[in-house]
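Trainee: need coordinates for the below:
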Amino acid sequence: MNKILLLGSVLLLAACSADNGGRAMGSLERDRLTFTATASENVVLINVAEGDVVHKGDVLLQLDGTRASAYLAAQQAQLEQATARLQELQNGARSEERSAALARTQGAQAELTAATQQLNRVSALHAQNMLGQADVDAAQARKDSAAATLRQLQAQQRELNNGTRNEQLNQAQAAVANATALYQVAQKNLADLTINAPVDGLVDALPWHVGDRVNTGTVLLTMLSAGDAYARVYVPATRLAALPKGAEVNVHIDGLSQVLSGQVSHVRSQPAFTPYYALNERDRAALMYLAEIRFSGTAGAVLQNIPAGTGLEVILP
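Mentor: Have a look, this model is predicted:
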């Protein structure tokens, strides 16, 4: 049905162009900005209404940021934890930790010396048949255990003295980079819940109220830029050769007695409806191409208060 209506509208435009002796029909337009919801949340603040004039940076609408704020706080904590871990590895062991490790090693050395002496005494008594083999075995086991403990503590002491391995530092740095990226994403998610005007303009459509819940991707608000207006017209295929980019044309705007001049800034390469290769020579004459015309001179001041969508005609050369 929409395609039929579009086809009918374009054919009507074509007929009007033919009837008006070289006039292209169209409308006055301004750049339209559309803002969509980045999360499924409730609307908690609306500062504008349809038709309001807004300025760059104005807060237009805001969605509930409770969950986004909590996620941001969690990512901040993860970043702080990863940063602290990296600093710990970079700083290495404290002097107190090294002293404690040395003391443990010295204690283990003393234990090994005592166990060795005990083994020697037990072995001498065993040689005199005053102690059994079990006593010798027990003394040997204590010496072996003391020696193993000493080796373990010596390895730990060397680890503290040698500092952190490069592999550990690389892992810690990667963890900080990952936490930083997630924190920045959380910041962006929270900021996106507040809609600010990127340029000066006019609020065109605002279908929501405070308390409404919107889904991700829903259009929240549309506004029209306060920048220069331009004409958008449909040009018959038979007149394209006479309307190259940069061509000067005269524009008649409904309700405005003054005729404005402008230049063709762009003509679309594709027709507005049925592809040209599906039409015969007679039908191709009815093809319409969308063209944009930028006004020159002082037209901007004249058009400032004329709403977008106002009908107009362009005199074709």
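
Trainee: run through the helices of the protein in chain order.
Mentor: 2-19, 66-91, 95-127, 133-162, 166-191, 281-284, 299-303 (DSSP state H).

Trainee: let's have the ones you listed in TSV, adding distance to residue 204.
Mentor: Every residue, glycine included, has its C-beta placed from N, CA and C. Below are the helices of the chain laid out as TSV (distance: least, C-beta to C-beta, whole Å):
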stretch	distance to residue 204
helix 2-19	22
helix 66-91	27
helix 95-127	67
helix 133-162	67
helix 166-191	23
helix 281-284	36
helix 299-303	16
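
Trainee: same list (these) but as JSON lines, adding mean pLDDT, distance to residue 222 and mean neighbour count.
Mentor: Shown next, in JSON lines, are the helices of the chain (pLDDT from 0 to 100; distance: least, C-beta to C-beta, whole Å; neighbours: other C-beta atoms under 10 Å):
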{"stretch": "helix 2-19", "mean pLDDT": "43", "distance to residue 222": "20", "mean neighbour count": "13"}
{"stretch": "helix 66-91", "mean pLDDT": "91", "distance to residue 222": "24", "mean neighbour count": "15"}
{"stretch": "helix 95-127", "mean pLDDT": "79", "distance to residue 222": "63", "mean neighbour count": "14"}
{"stretch": "helix 133-162", "mean pLDDT": "79", "distance to residue 222": "63", "mean neighbour count": "15"}
{"stretch": "helix 166-191", "mean pLDDT": "91", "distance to residue 222": "20", "mean neighbour count": "14"}
{"stretch": "helix 281-284", "mean pLDDT": "56", "distance to residue 222": "36", "mean neighbour count": "10"}
{"stretch": "helix 299-303", "mean pLDDT": "75", "distance to residue 222": "20", "mean neighbour count": "15"}
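
Trainee: of these, which approaches residue 36 most closely?
Mentor: The minimum distance between residue 36 and the helices of the chain falls on helix 166-191, with 14.0 Å, by C-beta to C-beta.

Trainee: one step back: of all the helices of the chain, which one comes closest to residue 262?
Mentor: Comparing the helices of the chain by C-beta to C-beta, helix 299-303 comes nearest, at 7.1 Å.

Trainee: so which of the helices of the chain comes closest to residue 291?
Mentor: Closest to residue 291 of the helices of the chain is helix 2-19 (C-beta to C-beta; 12.1 Å).

Trainee: and this protein, what are its domain boundaries?
Mentor: What automatic domain parsing lists as the domains of the chain is 2-30+227-315, 41-64+195-224, 71-186.

Trainee: follow-up on the earlier one: closest one to residue 272 among the helices of the chain?
Mentor: helix 2-19 (5.2 Å).

Trainee: out of the helices of the chain, nearest to residue 242?
Mentor: Smallest distance to residue 242 across these (C-beta to C-beta): 13.0 Å, for helix 2-19.

Trainee: verify the stated contact: residue 78 with residue 180.
Mentor: No: taking contacts as C-beta atoms under 8 Å, residue 78 lies outside contact range of residue 180: 9.7 Å.

Trainee: so which of the helices of the chain is nearest residue 208?
Mentor: Smallest distance to residue 208 across these (C-beta to C-beta): 18.4 Å, for helix 66-91.

Trainee: tell me which other helices or strands that closest one touches.
Mentor: Other elements packing on helix 66-91 under the criterion 3 or more C-beta pairs under 8 Å, 6 or more residues apart in numbering; DSSP states H and E are helix 166-191.

Trainee: and the strands in the stretch 201-317 of the chain, which stretches?
Mentor: 201-205, 213-214, 219-225, 230-236, 248-253, 260-267, 288-295, 311-315 (DSSP state E, counting those that start in this stretch).
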